[in-house]
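Student: how would this look folded up:
(chains A, B, C and D)
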There are 2 protein chains.
Amino acid sequence: MAHREDSTSLLKQKGLTPTPHRVMVLGILGNSPSPLSPQEIFATLQRSHPMNRVTLYRILDMLVAHGLVERIQSGDRAFRYGLNAQSPHAEHPHFYCSHCGSIQCVHADSIHVQVEDIQKTFPGLIQRMEIRLDGICKNCLRNHKGKKAGNERAAQKP
Amino acid sequence: MAHREDSTSLLKQKGLTPTPHRVMVLGILGNSPSPLSPQEIFATLQRSHPMNRVTLYRILDMLVAHGLVERIQSGDRAFRYGLNAQSPHAEHPHFYCSHCGSIQCVHADSIHVQVEDIQKTFPGLIQRMEIRLDGICKNCLRNHKGKKAGNERAAQKP
DNA sequence: GACATAATGCAACTGAATTGCATAAAGGTC
DNA sequence: GACCTTTATGCAATTCAGTTGCATTATGTC
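Tutor: A predicted model of the protein is given here:
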């Protein structure tokens, strides 16, 4: 996981000035096992290092633009941000729990989508791929065994 | 593609009363080669069969809930709706053009993601999968050859 | 035709993200 | 260090997509 020095040097590598805010945001993302929503990042920041919402969005945008951070879509309407996997094409799927909204990385060896193969016959330029699995996570399955699904519609209807 | 009678009978099959509005919406989706945003559906409707925004959203929700229509996420913040592929697990990827926002279905034989395999080791319940490719579509490549990408950021920044 | 149920419309609201502009911080030059 | 330019951050207001609550209209059944 990325410590403060790591975040700082990552930013410098990309020619970005390592302001405290940026270092913090990158650090939070580096310490999270799964991608986070701006809200979650914001909440974490509030405790120690409050910053304006807009600033957070702008920092995230910039990190994505410089390839340090990956932005993925979850089943709901908020994007999630996570440290970018270093190797391109080593993208992994994400699991979205439609009950609690949590996101998990899925390390699935069985998924080998050959973007190159598709590119051969596809007339547009493919730059990126995103795979998402929707369902109910382990915790929600355990906690709500026997209960009515209730919020399950969230997957489709955030 | 679905003609009016088809839409009507599809609705009846699901026990839904085939109101003019519903038949129209289902017809539009059936005649489109690619999934449409509510905005696009709305615009199409305006010409011949104006209806309230909310009604459209509610009809779409219902069609999704009854499995007639599939709701997918594009690279931007609007969902897209398309007739549901009849066979489950025959999901296909969608291509999102980050320049013009259009969506295309990709029929890629090379993509065989075995959800069952993932399910064996994944502790949650997987109910659905979505694969999306982001890039620049054929048209935008042609029209903007040599020009600066300009709006390309849309993929990440709708 | 009367009535209950379902469908639609309208207005106001929410949540996530964005824009425009003002202020504050960094960084370079003398 | 003072001055100035560039870059970051903050604040307020706005957009965009979708949702909620409630009134009104249509549909179907007896």
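Student: what's the pLDDT at residue A:134?
Tutor: Residue A:134 is assigned 94 on the pLDDT scale.
Student: buried ones in the strand ranked longest in chain A?
Tutor: Secondary structure of chain A per DSSP state E: the longest strand is strand A:125-136. Buried residues in strand A:125-136, counted by 16 or more other Cβ atoms under 10 Å in any protein chain shown: A:125-126, A:128-136. Yep, even glycine has a C-beta here, placed from its N, CA and C like the rest.
Student: Going along the chain, name the helices of chain A.
Tutor: A:4-13, A:20-31, A:38-48, A:53-65, A:115-121, A:138-143 (DSSP state H).
Student: For those helices, please prepare CSV with the additional fields mean neighbour count and mean pLDDT.
Tutor: Formatted as CSV, those follow (neighbours: other Cβ atoms under 10 Å in any protein chain shown; pLDDT from 0 to 100):
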stretch, mean neighbour count, mean pLDDT
helix A:4-13, 16, 87
helix A:20-31, 20, 96
helix A:38-48, 14, 95
helix A:53-65, 16, 97
helix A:115-121, 14, 86
helix A:138-143, 14, 92
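Student: Now distance to DNA strand D too, for the ones you listed, in TSV please.
Tutor: Converted to TSV, the helices of chain A look like this (distance: least, Cβ to the nearest atom of the strand, whole Å):
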stretch	distance to DNA strand D
helix A:4-13	9
helix A:20-31	3
helix A:38-48	10
helix A:53-65	3
helix A:115-121	26
helix A:138-143	19
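Student: Including distance to chain B, could those helices go into CSV?
Tutor: Below are the helices of chain A laid out as CSV (distance: least, Cβ to the nearest Cβ, whole Å):
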stretch, distance to chain B
helix A:4-13, 19
helix A:20-31, 15
helix A:38-48, 13
helix A:53-65, 5
helix A:115-121, 4
helix A:138-143, 4
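Student: how close does residue A:98 sit to residue B:119?
Tutor: As judged by Cβ to Cβ, to the nearest Å, residue A:98 and residue B:119 stand 16 Å apart.
Student: swap in residue A:49?
Tutor: In terms of Cβ to Cβ, residue A:49 sits 40 Å off from residue B:119.
Student: and if you look at residue A:60?
Tutor: 32 Å.
Student: And stretch A:63-81, end to end?
Tutor: Taking Cα to Cα, to the nearest Å, stretch A:63-81 runs 10 Å from one end to the other.
Student: Return the set of buried residues in that stretch.
Tutor: A:63-64, A:68-76, A:79-81.
Student: Is that stretch in proximity to DNA strand C?
Tutor: Yes - Stretch A:63-81 is in contact with DNA strand C by Cβ under 7 Å from any atom of the strand, via A:77-79.
Student: sorry, back to before: let's have the buried residues of strand A:125-136 in CSV, adding distance to residue A:25.
Tutor: Putting the buried residues of strand A:125-136 into CSV (distance: Cβ to Cβ, whole Å) gives the following:
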residue, distance to residue A:25
A:125, 30
A:126, 29
A:128, 22
A:129, 25
A:130, 22
A:131, 25
A:132, 23
A:133, 27
A:134, 27
A:135, 29
A:136, 30
